[in-house]
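Visitor: here's a sequence, model it:
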Amino acid sequence: MKTDVLLIPMSARYAQMRAAAVAAEEAGFDGLWTWDHLRDPEAPAGPGVPEAWTVLAALAEVTRRVSLGPLVLNVANRHPGVLANMAATLQAVSGGRLLLGLGAGGSRHPPYAAEQEAMGATVEPDAVRARRVGEAIELMRRLWSGEGGFLRPDPPPPIIVGGFGPRMAAIAGRHGDGFNTQAMHPQLGDLVRIAREAHAAAGREPSAFSVTVFAGMDERWLKPDSRARQMLARVGVDRVILLLAPPYDVAAIHRASPRQP
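Guide: Residues are numbered from 1 along each chain as shown. I've put the predicted structure just below:
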């Protein structure tokens, strides 16, 4: 099971994210992620939030080994045709290290809806937003195949669909190459089963499907023989993504190295 780090961007500065990313690679973590949000719902008058895709492109130039990904891009924020070309470009910049996380965005109720409304975007009902994830993936794969002369990624990045319920798990299995949810989700095993069954029913290669989960940075998720890690292994989790909030403690990142015995 791989161990990744997610750099929470709320109130962060790029220089801090860069230093933390370099430290995470040096410490032996397998991947780097960040959230796709444009404002901090807890500090609307604060310094703002670095944009996810721009940060990932910059981090691709200062790292060499780790995977890179957004957890997860709201498909409403970028046209799928533009995103297809963005992803193909970042796949080239990073040397094939992109893990493309996609999701439906927040619903009308959580505080993140205000982010969309501030940009003049309409937050659609859950079913509509979920359907658009599948549609976006279909369009992106078609463009990546060379249709219309679009840039073709080599190889196409795995698409990890994020979600918290059966509907998004099924969409992840049917359209994506992986599924992401909370490590402590009370129905984790059921969601993984739904995603994998949908993947198999779509006639796609089962071994290519990846399950990732996220959790807070905690020792129980770092020790390979811990009960928490064993639980994840039993349900078929492939990567655990640990969250770090700014200001990032570079020394603590090195101490948390998954290489430690």
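
Visitor: okay, CA-based contacts and neighbour counts for the rest of this
Guide: OK.

Visitor: tell me the SS of Gly46?
Guide: Three-state call for Gly46 (DSSP: H, G, I helix; E, B strand; the rest coil): coil.

Visitor: neighbours of it, how many?
Guide: 12 (other C-alpha atoms under 10 Å).

Visitor: isn't it up against Ser11?
Guide: Yes. If you go by C-alpha atoms under 8 Å, Gly46 and Ser11 touch, sitting 6.9 Å apart.

Visitor: give me the number of residues near Val72?
Guide: 23.

Visitor: could you check how far it is from Ala118?
Guide: Applying C-alpha to C-alpha, to the nearest Å, the value for Val72 to Ala118 is 20 Å.

Visitor: what of Ala84?
Guide: To Ala118, Ala84 is 25 Å away according to C-alpha to C-alpha.

Visitor: the more surrounded of these two?
Guide: Taking other C-alpha under 10 Å, Ala84 and Ala118 do not tie; Ala84 has more neighbours (24 against 10).

Visitor: helices along the protein, start to end?
Guide: Assigned by DSSP state H, the helices in the chain fall at 14-27, 52-62, 80-93, 113-118, 126-144, 166-175, 188-201, 219-222, 227-234, 250-255.

Visitor: burial of Asp36, as a residue count?
Guide: Neighbours around Asp36, by other C-alpha under 10 Å: 23.

Visitor: return the backbone torsion pair for it.
Guide: phi -100, psi 80 (degrees, to the nearest 10).

Visitor: if I look at it, how far off is Glu147?
Guide: 28 Å.

Visitor: and the helix or strand of the chain with the lowest mean pLDDT, how far from the chain's centre?
Guide: The helix or strand of the chain with the poorest confidence is helix 113-118; it has a mean of 79 (mean pLDDT, DSSP states H and E). Centre-to-centre, helix 113-118 and its host chain are 21 Å apart (C-alpha atoms, centre = their mean, to the nearest Å).

Visitor: could you list the low-confidence segments of this protein?
Guide: Residue ranges of the chain with pLDDT under 70: 110, 260-261.

Visitor: contact partners for the residue positioned nearest the centre of the chain?
Guide: In the chain, the centroid-proximal residue (C-alpha atoms, centre = their mean) is Leu71; its distance is 2.4 Å. Contacts here follow C-alpha atoms under 8 Å, 6 or more residues apart in numbering; on that basis Leu71 touches Trp33, Thr34, Trp35, Asp36, Gly101, Leu102, Gly162.

Visitor: who's in contact with the least confident helix or strand of the chain?
Guide: Contacts of helix 113-118 (C-alpha under 8 Å, 6+ apart): His37, Leu38, Arg39, Pro41, Gly106, Ser107, Thr122, Val123.

Visitor: the first one: how many residues sit nearby?
Guide: What that stands for is His37. 24.

Visitor: roughly how far does it sit from Val161?
Guide: Taking C-alpha to C-alpha, one finds His37 at 16 Å from Val161.

Visitor: quick one: contacts for Val123?
Guide: Contacts of Val123 (C-alpha under 8 Å, 6+ apart): Ser107, Arg108, Ala113, Gln116, Glu117.

Visitor: what residues sit buried inside stretch 15-29?
Guide: If you call a residue buried by 16 or more other C-alpha atoms under 10 Å, then stretch 15-29 has these buried ones: Gln16, Met17, Arg18, Ala20, Ala21, Val22, Ala23, Ala24, Glu25, Ala27, Gly28, Phe29.

Visitor: quick check on Gly48: phi, psi?
Guide: phi 100, psi -170.

Visitor: residues near it, how many?
Guide: What Gly48 shows, counting by other C-alpha under 10 Å, is a neighbour count of 18.

Visitor: wait, it sits on Leu38?
Guide: Yes. Between Gly48 and Leu38 there is a contact at 7.2 Å, judged by C-alpha under 8 Å.
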